[in-house]
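A.B. asks: Just a sequence and a predicted model for now, questions to come.
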Amino acid sequence: MSGAFLSLRDSLLGCVALPGQIGEVLRRVPVHTLTIIIVLLALVAVGYRVGLTRARRVAVDGAHPLHSRPVYYGVLMALWCAIPALIVFVLWMVFGETLSRLYIIAGLPSDIARLPGDRIATVIARIRQIASGFGVAGNTAPYENAIASGLATFKTVTWLAVIALAAVVGVIAARLRLARISPALRARNMIEGVVAGVLLICSAVAILTTIGIVFSLLGEAIRFFTFIHPVDFFPGTIWNPRFSTVGAGGQGGFGLLPLLWGTVLVSLIAIVVAGPIGLMAAIYMAEYASPSLRTVAKPVVEILAGIPTIVYGFFALTAAGPFLSRVGASIDLDIRATSALTAGVVMGVMIIPFISSLSDDIISQVPKAMRDGSLGLGATSSETIKRVVLPAALPGLVGAFLLAISRAVGETMIVVLAAGNRPVLQPNPLEPVSTITATIVAQLTGDSDFASPQSLVAFALGLTLFIMTLGLNVVALYIVRKYKEQYE
Amino acid sequence: MSASAHNAGSAASLKRSLASRHARERRFRRLGMLAVISAIVFVAVLFSSILIKGAPAFEQATLSLHVTFDPAVIRIKPRPQRIAGQSPADFARRKRSWQRSLALVDWNRVIETALRKTVGDADISSRDLVRLIASAERFRLRDMVAKDPAIIGATLPVNLLASADVDVWLKGNIDHSLPDNRQQLSVAQRRIVEDLSKRGILHMAFAKALFLNVDSRSSPASAGLAGAFVGSLYMMLVVIALAVPIGVASAVYLEEFAPKNRVTDFVEVNINNLAAVPSIVFGLLGAAVFIGWFHLPLSAPLVGGLILSLMTLPVVIIATRVTLRAIPASIRHAALGLGASPTQMVFHHVLPLAVPGILTATIIGVAQALGETAPLLLIGMNAFVAHIPQTPLEQSTALPVQIFLWQGNENRNFFESRTSAAIIVLIVLMIGLNGLAVFMRQKFERRW
């Protein structure tokens, strides 16, 4: 029995607080969440019922017809009940931890309470650990045990109080609002306002994501730049982070250029492979292919876009790399199995469908009148395509290529597996290279400390990558949009 | 005279130029054909290379042995029963101690005895003999006894997985003509393997382990995808629970309610750009915000699911908007004309009609998220996890990450095929999802 009680008490312990504690609390929060959900659901049910009944009664009693259907009054009442209760829970989540901290500090003997802040934090952490039932290493002081056992009770009591408070607040809110339910109340409009607000918040998530990306990358990158000066990072030609120690920026271990060069080289090879094939395939599909061939070939080519990049990486590593290496050997060329060439060629295959389907769309948008004019003057199909269609489609095609390049620049798994990970500034595409993306993975999957420049550099690299791809995307999307408007 | 000659000459030159122009036309056309064919060939090469490598891994070398659960070797007390008045803690303690005694049994000896009886070859060391069996198989024997202690003393037919080295040898993934010192199996082991496989005791059977087991390092032959599968499932559930409602809601807002102004324009540009942000950047966001700031646990499917949700969000938004735009204005006008409010019009008339399109978009988005690897590496999902996660907050791995881990395994000639098999499983899942999307589109699509 005592075991069951202990586990119940344990699950009643702990509260949500500052962001830093969320992860810790989430691990043992299920009972809390469940209770909160149950309380809120109960309030919603009661509110809905009360609102509905009330609305029906005033509709029967009153001389005026209801503005909205009774259901809306029910929903409105449910919201009025649940939202104040929800606010109580949120407040408790934000301030609950502070409350228990205050309780601990109040119980500390005066000599301990006078200790500096970080020592106090250690003491508080110890007491919480004891109260959680897991215990701490070493002997515990009597005052610690006393506060810990008090803390457990305190937390249970607060938690029960919070539940009661939430329920009471909900009921009071409902009671106060009950009088407002009258035929003149525009319940539907109010609910529709709430719905619109929820929709607005949802569409803000996308913006928040962008803001989150920018700020997290910027924040961590700035932390990195306190170790390594940007002047050493951006034009640095040597990438060798392992042998740099903290603050040893002058040694130039964190140079971006080798990685940037690797990225450019691999993307260049990819676009050299994918550009002609993708463009020619698009031209053939748009201008020559019979509808039946189109319906078969187009989805088949687009399969290439749906294959996970890890599969391409594995293919590059186990099939394409050795194959290229053998081909190189047969013509006396030393091609390494993992090299910029391997990664670039396989990445090229991956982006063929991006180029072909985007270009196909764009070529199809060139007005038929332009083709007819050219054909009517006696030009062959290929001459029409080369002299009329492609020049007209050029801006759109440039946009498509830029999008494909941006995709290649940000591609990770192929280069992690097949580029060889050798961050040296050298021009030979047959040798291994390393790229920005591969290095981000390498720096963040090691065992190094999250606050060391070795890890933080990943964010500076990520920022560089983000700016590069963002620039490419913005320009490309702008061009494509303008192009489409031109022919619409 | 001269005019006609001139005409004849120009006709000839015209013919020549026409011929060359037509030749150019044919060349251009052929070039286009070639491009399409080469793209299709790439698809074929990619798939056949993976299939050829991976298909053998769906079968695995297995030994059908008669295992005697010898009470002289398996010396354990009877399983503790719950006695009336005993506290749960005490019972749990006794059960644990029983399980410990079970784990301490010399299971290798059980296996060795069974093998020796079958092989009938005294000229091999115990070590070599036991190593023919995947080392994790002894836990299977243990679990059989734990499940039903009554089998002690009995002799039962049991299928045991052969070790990775035996599997590699039988499949010919290692050169049989290599000198002894470069072979993975000793001379005696090879003799026994050949003998057993001739007698049909060692045979190829469907690799259930690939699907039912979790990852294993000590016993490569028993490494499976179960843990990765459940991890991926959790992440997909998070994606469906978060990305779909939020994505649909924001698409509805942008398409039906948002005023056409610069802010809406900005949101739209922002969403289009978000769709093109490299996945690794989302991984960095997750590492900095979810791990660094919120202190969510590393390697947890919840965190992976959150990151994948953010990535899938633009896909869902863009596709839902396309669907909403395709619904004719007459539906909206009819609803509004009959006195529905804009909200009622959207939720009662437009959204129900958009459901098939939204479902298709959801499935495609989920399929895309299922194959994503890079961001998961940054939140520590490349950790070695040898259990099936019970909750989305436990350490876990995911299907594509498992592929990444296996391709890096040093036991190359075994894991290359195992990795390909995992890729086949992943691709079959993705094709299944995409097929479902196509099916739904064709079944429910309405043309206006």
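C.D. replies: Everything's here; your move.
A.B. asks: Could you grab the helix/strand/coil label for residue 139?
C.D. replies: No chain in the question, so chain A it is. What DSSP: H, G, I helix; E, B strand; the rest coil gives for residue A:139 is coil.
A.B. asks: Could you give the number of residues near it?
C.D. replies: By other C-beta atoms under 10 Å in any protein chain shown, the residues close to residue A:139 number 6. Every C-beta, even on glycine, is put in place using the N, C-alpha and C of the backbone.
A.B. asks: likewise residue B:199?
C.D. replies: Residue B:199 is flanked by 11 other residues according to other C-beta under 10 Å.
A.B. asks: Quick check, pLDDT for the residue of the stretch 151-300 of chain B found nearest chain A.
C.D. replies: Among the residues of the stretch 151-300 of chain B, residue B:278 lies closest to chain A, at 2.4 Å counting by C-beta to the nearest C-beta. For residue B:278, the pLDDT comes out at 92.
A.B. asks: got it, and the one 3 residues further on?
C.D. replies: Confidence at residue B:281, expressed as pLDDT, is 94.
A.B. asks: which residues sit in contact with it?
C.D. replies: Contacts for residue B:281 were tallied using C-beta atoms under 8 Å, 6 or more residues apart in numbering or on different chains; they are A:213, A:217, A:410, A:462, A:465-466, A:469.
A.B. asks: now do residue B:378
C.D. replies: A:440-441, A:444-445, A:458, B:280, B:283-284, B:286-287 are the contacts of residue B:378 under C-beta under 8 Å, 6+ apart.
A.B. asks: Remind me which helix or strand residue A:99 belongs to.
C.D. replies: helix A:70-107 (DSSP states H and E).
A.B. asks: and that helix, which residues are buried?
C.D. replies: Across helix A:70-107, burial judged by 16 or more other C-beta atoms under 10 Å in any protein chain shown covers A:70, A:72-86, A:88-89, A:92-93, A:95-97, A:99-101, A:103-104, A:107.
A.B. asks: ok, for residue A:338, nearest residue in space, not its chain neighbours?
C.D. replies: Nearest residue to residue A:338, sequence neighbours excluded (C-beta to C-beta, 6 or more residues apart in numbering or on different chains): residue A:420, at 3.8 Å.
A.B. asks: on contacts alone, who are the packing partners of the biggest strand by length in chain B?
C.D. replies: If you go by DSSP state E, chain B has its longest strand at strand B:59-68. The elements that strand B:59-68 packs onto, with contact taken as 3 or more C-beta pairs under 8 Å, 6 or more residues apart in numbering or on different chains; DSSP states H and E, are helix B:107-119, strand B:155-161, helix B:164-171, strand B:202-206.
A.B. asks: Just the C-alpha atoms of the longest one, please, in CSV.
C.D. replies: Spelled out, that is helix B:107-119. The C-alpha trace of helix B:107-119 is given here as CSV (Å, rounded to 0.1, in the frame of the first residue of the first chain):
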residue,chain,number,x,y,z
TRP,B,107,22.8,-20.6,-21.9
ASN,B,108,25.8,-21.0,-24.1
ARG,B,109,26.2,-24.5,-22.7
VAL,B,110,22.6,-25.3,-23.6
ILE,B,111,23.2,-24.1,-27.1
GLU,B,112,26.5,-25.9,-27.3
THR,B,113,25.0,-29.2,-26.1
ALA,B,114,22.3,-29.0,-28.7
LEU,B,115,24.8,-28.2,-31.4
ARG,B,116,27.2,-30.9,-30.5
LYS,B,117,24.4,-33.5,-30.5
THR,B,118,23.4,-32.4,-34.0
VAL,B,119,26.9,-31.9,-35.4
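A.B. asks: about what we covered before: how about the helix holding residue A:99 and chain B, touching?
C.D. replies: No - contact of helix A:70-107 with chain B (C-beta under 8 Å from any C-beta of the partner chain) is absent, the minimum separation being 10.7 Å.
A.B. asks: Going along the chain from that helix, find the next helix or strand for me.
C.D. replies: Sequence-wise, the next helix or strand downstream of helix A:70-107 (DSSP H and E) is helix A:110-113.
A.B. asks: Check the offset of that next one from the chain's centre.
C.D. replies: Distance, stretch centre to chain centre, for helix A:110-113: 45 Å (C-alpha atoms, centre = their mean, to the nearest Å).
A.B. asks: Quick one: mean pLDDT over that helix.
C.D. replies: The pLDDT scores in helix A:110-113 average 76.
A.B. asks: Point out the other helices and strands that whichever helix or strand comes after that helix packs with.
C.D. replies: Next helix or strand after helix A:110-113 toward the C-terminus (DSSP H and E): helix A:117-131. Helix A:117-131 sits against helix A:70-107, helix A:110-113, helix A:142-178, with contacts defined as 3+ C-beta pairs under 8 Å, 6+ apart.
A.B. asks: Just give me how far the longest one sits from the chain centre.
C.D. replies: Going back to what we said before, that points to helix A:70-107. Relative to its chain's centre, helix A:70-107 lies at 29 Å (C-alpha atoms, centre = their mean).
A.B. asks: what's that helix packed up against?
C.D. replies: Against helix A:70-107 (3+ C-beta pairs under 8 Å, 6+ apart) you get helix A:30-61, helix A:117-131, helix A:142-178, helix A:187-227.
A.B. asks: Determine if any part of the first one is in contact with chain B.
C.D. replies: Okay, so that is helix A:30-61. No - against chain B, helix A:30-61 shows no contacts by C-beta under 8 Å from any C-beta, the least distance being 8.7 Å.
A.B. asks: What average pLDDT does that helix get?
C.D. replies: pLDDT averaged over helix A:30-61 gives 81.
A.B. asks: Check the shortest one too.
C.D. replies: Model confidence over helix A:117-131, given as mean pLDDT, is 77.
A.B. asks: I'd like to check what contacts that helix. Which residues are they?
C.D. replies: Here helix A:117-131 makes contact (C-beta under 8 Å, 6+ apart) with A:13, A:100-101, A:104-105, A:108, A:112-113, A:115, A:135-136, A:140, A:144-145, A:147-149, A:151-152, A:155.
A.B. asks: got the CA positions of that helix in CSV?
C.D. replies: What follows is helix A:117-131, C-alpha atoms only, in CSV (Å, rounded to 0.1, in the frame of the first residue of the first chain):
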residue,chain,number,x,y,z
GLY,A,117,23.3,32.7,-4.8
ASP,A,118,24.9,29.7,-6.6
ARG,A,119,25.4,27.8,-3.3
ILE,A,120,21.8,28.4,-2.4
ALA,A,121,20.8,27.0,-5.8
THR,A,122,22.7,23.8,-5.0
VAL,A,123,21.0,23.5,-1.7
ILE,A,124,17.6,24.0,-3.3
ALA,A,125,18.4,21.4,-5.9
ARG,A,126,19.5,18.9,-3.2
ILE,A,127,16.3,19.5,-1.2
ARG,A,128,14.1,19.0,-4.3
GLN,A,129,16.0,15.8,-5.0
ILE,A,130,15.4,14.5,-1.5
ALA,A,131,11.8,15.5,-1.7
